[in-house]
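*Asks:* Here's my sequence, what's the structure:
(chains A and B)
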Number of protein chains: 2
Amino acid sequence: MFDVILLATANQGKYGEFKDILTGRLTRELLFAPRVAPLEVEESGATYASNAVLKAKAWAAASGLPALSDDSGLEVGALGWRPGLFSARAALGTDFDRNAQLLSQMEGHTNRRAFFVADVALATPDWTLVCEGVCGGRITGNTSGKGGFGYDPLFVPDGFDLSFAELPTEVKNKISHRAKAVQNLLEILDSWKIL
Amino acid sequence: MFDVILLATANQGKYGEFKDILTGRLTRELLFAPRVAPLEVEESGATYASNAVLKAKAWAAASGLPALSDDSGLEVGALGWRPGLFSARAALGTDFDRNAQLLSQMEGHTNRRAFFVADVALATPDWTLVCEGVCGGRITGNTSGKGGFGYDPLFVPDGFDLSFAELPTEVKNKISHRAKAVQNLLEILDSWKIL
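*Replies:* Numbering: from 1, shown residues only, chains lettered A, B, ... in the order given. Prediction:
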């Protein structure tokens, strides 16, 4: 149906994950969006799904290519499921600053339950499809590991004792929220015979 | 794939149009959302598509049913393509008040070009699909007709001399932005063998 897909993100971490997740599943060329159509999209939606659609459609319109986007967040039970939608903007600065802020907010909380949630959207000129993926886990007491990005050093997924930043990339990219969302999307596209 | 679809709108006008457009095309039962799951969804998105996804997913989650939603607007060239996303909230009060406001904003403008745009979203537990439809036309100098809803009495579609509120329902529901969006959605679902 299409020869190339634009990975509609300016986030190098997400780009790398998408590439890893999609390699072997898709024979199409994957383009890194900032090289094709540098674009700032305000993530103004009230849900991951609506933000993902917003971004995928904007990048697709700017580039003329089918565009695959992601909106994701970390939902922490003890913090009323925050930062959630505001994960990437929870604190000024870098991932390091946001991890430090989350750790300080978690001080004294024994309930460490958390979920990573991702919605991925594929936008073409004719339609946009969105699917979701969720990964349950817990917030650790200290950052650990150097892999991944965002809150990965603080998140230990269910069934593991290592954080997303410590787990081998190929493990994270099988079980993560983003991997599940992409998996769901591919299954739908597959079942609809458009892959 | 599913036996019933929730028409995810509390707007009686949209509900009627959806029913007309879908009758004969879908054998499924169509449910009027407020009877099933009364729900207020804030339309906070920055695009029709993201708003449509927001609403369809919210109604689907509240009802447990597949939900079909719409977000639409009137884009007027002389007004910088406003009211657009804010069509339903452009003025307090009723459709009558909003039509009166638009007419007064158009005074003295010779460029009467306008587009009605609709995005429809179908949300299921596994995926959400969005398609768009556009109908070109012009803004008249006076309201005319009693059919339809919203800005229909002020909008004359290309190829016609009557407003959307004057045209027979079966004509409007073949050529309208909403009809085209639904048509696009049905074609995709059809080609993907899920109807």
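
*Asks:* where do the strands sit along chain A?
*Replies:* A:4-7, A:29-32, A:67-76, A:82-84, A:113-123, A:128-139, A:155-157 (DSSP state E).

*Asks:* In JSON lines, list those strands along with distance to chain B, mean pLDDT and mean neighbour count.
*Replies:* Heads up, the C-betas are built off the backbone N, CA and C, glycines and all. Formatted as JSON lines, the strands of chain A follow (distance: least, Cβ to the nearest Cβ, whole Å; pLDDT from 0 to 100; neighbours: other Cβ atoms under 10 Å in any protein chain shown):
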{"stretch": "strand A:4-7", "distance to chain B": "17", "mean pLDDT": "88", "mean neighbour count": "20"}
{"stretch": "strand A:29-32", "distance to chain B": "21", "mean pLDDT": "78", "mean neighbour count": "15"}
{"stretch": "strand A:67-76", "distance to chain B": "10", "mean pLDDT": "94", "mean neighbour count": "26"}
{"stretch": "strand A:82-84", "distance to chain B": "15", "mean pLDDT": "92", "mean neighbour count": "19"}
{"stretch": "strand A:113-123", "distance to chain B": "8", "mean pLDDT": "96", "mean neighbour count": "25"}
{"stretch": "strand A:128-139", "distance to chain B": "4", "mean pLDDT": "97", "mean neighbour count": "22"}
{"stretch": "strand A:155-157", "distance to chain B": "22", "mean pLDDT": "98", "mean neighbour count": "24"}
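
*Asks:* Could you provide those in CSV, with additional columns for distance to A:S163?
*Replies:* Conversion of the strands of chain A to CSV gives the following (distance: least, Cβ to Cβ, whole Å):
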stretch, distance to A:S163
strand A:4-7, 25
strand A:29-32, 26
strand A:67-76, 12
strand A:82-84, 17
strand A:113-123, 12
strand A:128-139, 9
strand A:155-157, 5
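
*Asks:* Of the ones you listed, give the one that comes closest to B:G148.
*Replies:* strand A:128-139 (27.0 Å; Cβ to Cβ).

*Asks:* how about the residues of chain A that lie near chain B?
*Replies:* A:42, A:44-47, A:49-51, A:53-54, A:57-58, A:126-131, A:184-185, A:188, A:191-194 (Cβ under 8 Å from any Cβ of the partner chain).

*Asks:* What degree of burial does the residue of chain A found nearest chain B show, as a neighbour count?
*Replies:* Taking Cβ to the nearest Cβ as the measure, chain A has A:W192 as its residue closest to chain B, at 3.4 Å. A count of neighbours around A:W192, defined by other Cβ atoms under 10 Å in any protein chain shown, yields 17.

*Asks:* Quick check: which of the strands of chain A is nearest to B:F96?
*Replies:* strand A:128-139 (34.5 Å).

*Asks:* Adjacent strands (with direction) for that closest one?
*Replies:* strand A:113-123 (antiparallel), strand A:155-157 (antiparallel), strand B:128-139 (antiparallel) (DSSP bridges).

*Asks:* looking at the ones you listed, which is closest to B:A8?
*Replies:* So among those, strand B:128-139 is nearest, using Cβ to Cβ, at 11.3 Å.

*Asks:* Which parts of chain A are helices?
*Replies:* Under the criterion DSSP state H, helices of chain A are mapped to A:12-22, A:33-36, A:48-63, A:95-105, A:169-175, A:177-191.

*Asks:* Would you mind writing the CA trace of stretch A:41-49 as PDB?
*Replies:* Provided in PDB are the C-alpha atoms of stretch A:41-49 (Å, rounded to 0.1, in the frame of the first residue of the first chain):
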ATOM      1  CA  VAL A  41       3.100  19.900  16.800                       C
ATOM      2  CA  GLU A  42       1.500  21.200  20.000                       C
ATOM      3  CA  GLU A  43       0.300  18.200  21.900                       C
ATOM      4  CA  SER A  44      -2.900  19.700  23.000                       C
ATOM      5  CA  GLY A  45      -5.200  16.700  23.100                       C
ATOM      6  CA  ALA A  46      -6.900  15.300  26.100                       C
ATOM      7  CA  THR A  47      -5.900  11.700  25.400                       C
ATOM      8  CA  TYR A  48      -2.900   9.800  24.100                       C
ATOM      9  CA  ALA A  49      -5.100   8.700  21.100                       C
END
